[in-house]
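*Asks:* Coordinates for the following, if possible.
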Amino acid sequence: MLPKKRKLFGRRTTAASATRAARASETTEQTSLRISLMASHSVARIPMESTAERTERLASVASVMSSRCARLSTEERLVQNSQDAMRVSRARASESPTQIILRRLRNASTTASSRALGSPEQTTSRRLKNARATASSRVSEQPQQTIIRRLRNASATASARTLESPVQTANRRLRNSRPTASARASESPWTRRARVNNNGQIARTNVQRRGSAFSSCFNAIYLSIYLSIYRSQFNYVTCPVSIYLSIYLYESVHIYLSIYLNLSIYLSIYLSIYLSIWTNNRYIIYRTQRSEELAEKCYTNDRGPFKMENASRREEMSPTFPLCECQVRKTIIFVSDHLCISIYLSIYLSIYLSVFIIYIFDSNTLFLSIYLNLFVSIYLNLFISIYLSI
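*Replies:* Below is the predicted model of the structure:
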């Protein structure tokens with residue numbers, strides 16, 4: 001009898017494997033047809049059997065299922081779970097939107113009812129199990145999956161916050177403040193001190209980041225506007241340094257570059273205006289001396305009764321030309337030319353010094369190299385402004 005039993009058990013195992021393979025390879029229509037046939041057979045058989053038969057049948061089904069679960073190995077369980085997941089995904093893919101909504105509502109009502117009937121111990125164990133599963137999945141996920149999950153959570157949170165009413169917003173804030181207040185009340189003085197220090201450090205870091213970003217953006221906007229105006233005034237001059245400058249300013253790698261640019265630009269503007277006015281005054285003095293020489297020459301060449309008339313003409317031909325009465329348009333053009341050329345050269349020199357000279361020194365002499373670059377750029381700007389003005 002024992003060999004026959006083994007043979008029968010082997011046949012049953014083979015038949016069960018073949019049945020599982022057939023169920024795994026069947027389509028969605030075949031699955032729905034098989035389930036409907038099983039349901040119709042069960043419905044037709046239930047009124048004909050008695051209570052004792054029904055109890056016996058359910059007990060036999062439970063024993064068979066328990067024996068199958070005990071007999072299956074880990075690999076077979078994984079294969080069966082994957083097959084079940086594929087079958088469920090196929091069935092869900094063929095669902096209509098109405099069926100999806102009904103299924104989600106049914107699952108939500110079932111979950112809510114089961115959680116309402118659960119004890120506090122079951123709730124705690126369920127939350128711990130979910131926390132462990134979440135932590136294990138977070139550890140094993142890829143960076144791309146992390147980014148996608150955070151974006152999905154942020155979009156879901158934003159949509160939920162948009163749709164909620166003011167009463168729900170107040171309830172949510174109150175509900176979130178309660179555990180925070182209880183945790184703050186139960187923390188130790190060392191924990192509170194560490195938390196306060198951490199918050200202060202985060203605030204200082206945010207302020208520094210915002211300040212550096214604001215200064216970089218301000219300098220980039222200012223220089224972009226000025227260089228665009230410069231290119232519009234002088235179409236024949238190309239300015240590739242603006243692209244190079246924008247890359248370094250928006251990367252915020254060399255923050256001290258903005259200091260060089262500001263100082264050099266302000267110094268160039270001041271020197272250009274001062275030297276332009278000085279050159280203009282020198283031009284006025286030259287014109288005054290030239291007119292006096294011409295009047296003196298005219299006075300010495302004249303003879304006779306026209307001597308007093310020529311003297312009065314000499315008085316009229318030797319006026320003093322103030323700054324406001326001398327060719328204003330030429331003065332403005334002269335000042336603008338000096339401004340454009342000096343600012344263009346200061347930007348170019350600042351970028352060159354910041355990019356190339358800084359890497360000559362060691363990292364321990366960074367402070368000295370910054371000062372050296374600053375003074376070299378300032379003196380070069382001074383020399384170029386004086387040379388261009390003269």
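
*Asks:* in the stretch 201-350 of the chain, which segments are predicted with low confidence?
*Replies:* Under the criterion of pLDDT under 70, the regions of the stretch 201-350 of the chain flagged as low confidence span 206-350.

*Asks:* Please give the element, helix or strand, for Q168.
*Replies:* Remark: Q168 resides in helix 166-186, with elements defined by DSSP states H and E.

*Asks:* Break the chain into its domains for me.
*Replies:* The record's domain parsing of the chain by the TED database lists 12-47, 141-186, 187-235, 245-297+322-388.

*Asks:* List the contacts of the helix holding Q168.
*Replies:* Taking CB atoms under 8 Å, 6 or more residues apart in numbering as the criterion, the residues outside helix 166-186 that touch it are R161, E164, R192. Backbone N, C-alpha and C define where each C-beta goes, glycine included.

*Asks:* repeat for stretch 123-130
*Replies:* R115, G118.

*Asks:* one more time with 10 Å, if that's ok
*Replies:* The list of residues contacting stretch 123-130 from outside it, by CB atoms under 10 Å, 6 or more residues apart in numbering, reads S114, R115, G118, S119.

*Asks:* Dump those residues into JSON lines; add neighbour count, distance to T98 and pLDDT as well.
*Replies:* Below are these laid out as JSON lines (neighbours: other CB atoms under 10 Å; distance: CB to CB, whole Å; pLDDT from 0 to 100):
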{"residue": "S114", "neighbour count": "11", "distance to T98": "25", "pLDDT": "81"}
{"residue": "R115", "neighbour count": "11", "distance to T98": "26", "pLDDT": "82"}
{"residue": "G118", "neighbour count": "13", "distance to T98": "31", "pLDDT": "79"}
{"residue": "S119", "neighbour count": "8", "distance to T98": "36", "pLDDT": "84"}
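
*Asks:* re earlier: give me the buried stretch members for the helix holding Q168, please.
*Replies:* If you call a residue buried by 16 or more other CB atoms under 10 Å, then helix 166-186 has no buried ones at all.

*Asks:* about what we covered before: of all the contacts of stretch 123-130, which comes closest to A135?
*Replies:* Looking at the contacts of stretch 123-130 and their distance to A135, the nearest is R115, at 21.5 Å (CB to CB).

*Asks:* need the contact list for the closest one.
*Replies:* Applying CB under 10 Å, 6+ apart, one finds that R115 lies in contact with Q122, T123, R126.

*Asks:* Make JSON lines out of those residues and add distance to S186.
*Replies:* Compiled in JSON lines, the contacts of R115 are given as follows (distance: CB to CB, whole Å):
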{"residue": "Q122", "distance to S186": "26"}
{"residue": "T123", "distance to S186": "21"}
{"residue": "R126", "distance to S186": "24"}
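
*Asks:* quick one: pLDDT of Y379?
*Replies:* According to the per-residue confidence, Y379 scores 62 in pLDDT.

*Asks:* likewise the one 4 residues further on?
*Replies:* According to the model's per-residue confidence, F383 sits at a pLDDT of 63.

*Asks:* Kindly report the same for S82.
*Replies:* Residue-level confidence at S82 comes out at 82, pLDDT.

*Asks:* hang on, the earlier thing: pick out whichever of the contacts of R115 sits closest to R34.
*Replies:* Nearest to R34 among those, with distances taken as CB to CB, is R126, at 33.8 Å.

*Asks:* Tell me which helix or strand the closest one sits in.
*Replies:* Here R126 is covered by helix 120-140, with elements defined by DSSP H and E.

*Asks:* buried residues in the very next helix or strand once past that helix?
*Replies:* Using DSSP H and E, the helix or strand that follows helix 120-140 towards the C-terminus is helix 143-163. By 16+ other CB under 10 Å, helix 143-163 has no buried positions at all.

*Asks:* now helix 143-163: mean pLDDT?
*Replies:* For helix 143-163, the per-residue pLDDT values average out at 86.

*Asks:* same check, this time on stretch 174-184
*Replies:* Mean per-residue pLDDT for stretch 174-184: 82.

*Asks:* and S94, what are its phi and psi?
*Replies:* Reported as degrees, to the nearest 10, the phi and psi values for S94 are phi -90, psi 0.

*Asks:* Pick the one among the contacts of R115 closest to A156.
*Replies:* Distance to A156 across these (CB to CB) is lowest for R126, with 22.0 Å.

*Asks:* confidence score at that closest one?
*Replies:* As summarised for this prediction, R126 has a pLDDT of 88.

*Asks:* and the gap between it and D84?
*Replies:* In this view, R126 and D84 are 22 Å apart by CB to CB, to the nearest Å.

*Asks:* Check T19 too.
*Replies:* From T19 over to D84 the distance is 14 Å, taken as CB to CB.

*Asks:* cool, S96 as well?
*Replies:* Between S96 and D84 the distance is 22 Å, computed by CB to CB.
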